[in-house]
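Participant: got a structure for you, letters missing:
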């Protein structure tokens, strides 16, 4: 309030930041589909270009408005508690699980009925019919753009008018009434760094939810493997060894989950401009990197074991295949941490205005996501086309991951400090 900056300018800057990020992802998804539409006979004229330009430019409007409303509601609830960051993480996670669960159950209930699936999609996303009709009627593209713009402007105006009040509520701190002075035991350097690393994860809702959703998606992938094995085996009368062939796809299925959002992909970036403090302290950089890798392992390795062991048992694999399947999940958890840290050391985003920029809008996070898709595709191709038995497919995949982990860790240990010092 004491700065010579108007409230609407502050809110506008935040909304523009969200809009630019969403516009990038919208364009990445829409442009390939537009090219396909043009290839399949839709007339490529001025109206065609203008129609899809309107759709791409205004698509983020409703999504941003909805996300801001949800964020305000969750933040208002969490502000009632002393540990509001932790409560915010829990509420956001529950909301995302509800959305995922509702979408999954709706799709499951309408599986096999294309008409029911289409009706369900149109009921949830009421813009879909407008987009379908926009192919033949330009007016629907205009309706779509105007509604998205209206939602964006309405929420922007509402937040601008109430920004100071909301900011005061959300940033207020609850006083501790039962504080007692007590002695604190000294801790080792690694223990102190590890505690600091874990507290940072849970102090940033976007960071914590990113990591937890990786575990949730890994559970979903495990369930998918089990369901595919049971249903396909029963429907086509496959033998008992069919589970081994399904297990060969475990590295491909789980690679996407454990490499998608490792804690290390933004852990260096989140140090921000205070990173120089660590460089001047009597702590070796290798120790700091080891702690960051340990934090990722603590987050993902137990989950990898908990998911992969039931998968290996329920799809009735042989002992060798089951053991290699579990080892694949563990190696993928370590590989995600190493890849994320390497990219974060190469391209750290130490200058940011909001933690979300480092967590969701930084180059290391993007490159780690690309690697997740690439590794997933690589192991899928290996599982399908490599002319060897499932046990050898898993053994080769595990060997490749083991070597990759060794090489990446050697790079971090030998070159990590030099890489990050160049960016300071």
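Facilitator: Thanks, I have it. In this text the structure is predicted, and so the values were computed from the model without any measurement.

Participant: packing partners of whatever helix or strand residue 335 lives in?
Facilitator: Under the criterion of DSSP states H and E, residue 335 resides in helix 319-346. The contact analysis (3 or more Cβ pairs under 8 Å, 6 or more residues apart in numbering; DSSP states H and E) places helix 319-346 against helix 242-247, helix 250-260, helix 285-314, helix 363-385, helix 390-423. Where you see a C-beta, it was placed from the backbone N, CA and C, and this is true even at glycine.

Participant: those: which one's closest to residue 81?
Facilitator: Nearest of those to residue 81, taken as Cβ to Cβ: helix 285-314 at 23.5 Å.

Participant: and residue 105, what pLDDT?
Facilitator: Residue 105 carries a pLDDT value of 62.

Participant: tell me the buried residues in stretch 25-35?
Facilitator: With burial defined by 16 or more other Cβ atoms under 10 Å, the residues of stretch 25-35 counted as buried are 26, 34.

Participant: got a list of contacts for that stretch?
Facilitator: Residues outside stretch 25-35 that contact it (Cβ atoms under 8 Å, 6 or more residues apart in numbering) are 52, 55, 56, 59, 60.

Participant: now the fourth one, what are its backbone angles?
Facilitator: Taking degrees, to the nearest 10, you get phi -60, psi -40 for the backbone angles of residue 59.

Participant: residue 45 now?
Facilitator: Dihedral angles (degrees, to the nearest 10) for residue 45: phi -120, psi -170.

Participant: show me what contacts it?
Facilitator: Residue 45 makes no contacts at all, as judged by Cβ under 8 Å, 6+ apart.

Participant: how far away is it from residue 138?
Facilitator: Distance, residue 45 to residue 138, by Cβ to Cβ, to the nearest Å: 11 Å.

Participant: which residues touch residue 347?
Facilitator: Residue 347 is in contact with 362, 363, 364, 367, counting by Cβ under 8 Å, 6+ apart.

Participant: same thing with residue 95?
Facilitator: 70, 74.

Participant: pLDDT score assigned to it?
Facilitator: 79.

Participant: next, count neighbours for residue 24.
Facilitator: Applying other Cβ atoms under 10 Å, we find 13 other residues in the vicinity of residue 24.

Participant: an error on my part: the question was meant for residue 387.
Facilitator: Neighbours of residue 387 under the rule other Cβ under 10 Å: 6.

Participant: and residue 361, by the same measure?
Facilitator: That count, for residue 361 with other Cβ under 10 Å as the rule, works out to 18.

Participant: my read: it touches residue 21, true?
Facilitator: Yes: contact status for residue 361 versus residue 21: in contact at 5.4 Å, counting by Cβ atoms under 8 Å.

Participant: mean confidence score for the helix holding residue 335?
Facilitator: Regarding helix 319-346, the rounded mean pLDDT is 90.

Participant: cool, stretch 198-212 as well?
Facilitator: Across stretch 198-212, the average pLDDT comes to 81.

Participant: what sits up against it?
Facilitator: 85-86, 88-89, 92-93, 96, 261-263, 266-267, 270, 295, 298-299, 355-356, 359-360.

Participant: counting only helices, which of those residues make the cut?
Facilitator: Among these, the ones falling in helices (DSSP state H) are 85-86, 88-89, 92-93, 96, 295, 298-299, 355-356, 359-360.

Participant: need the max-distance pair from those.
Facilitator: Spatial extent of those (Cβ to Cβ) is set by the pair 298 and 356 at 23.4 Å.
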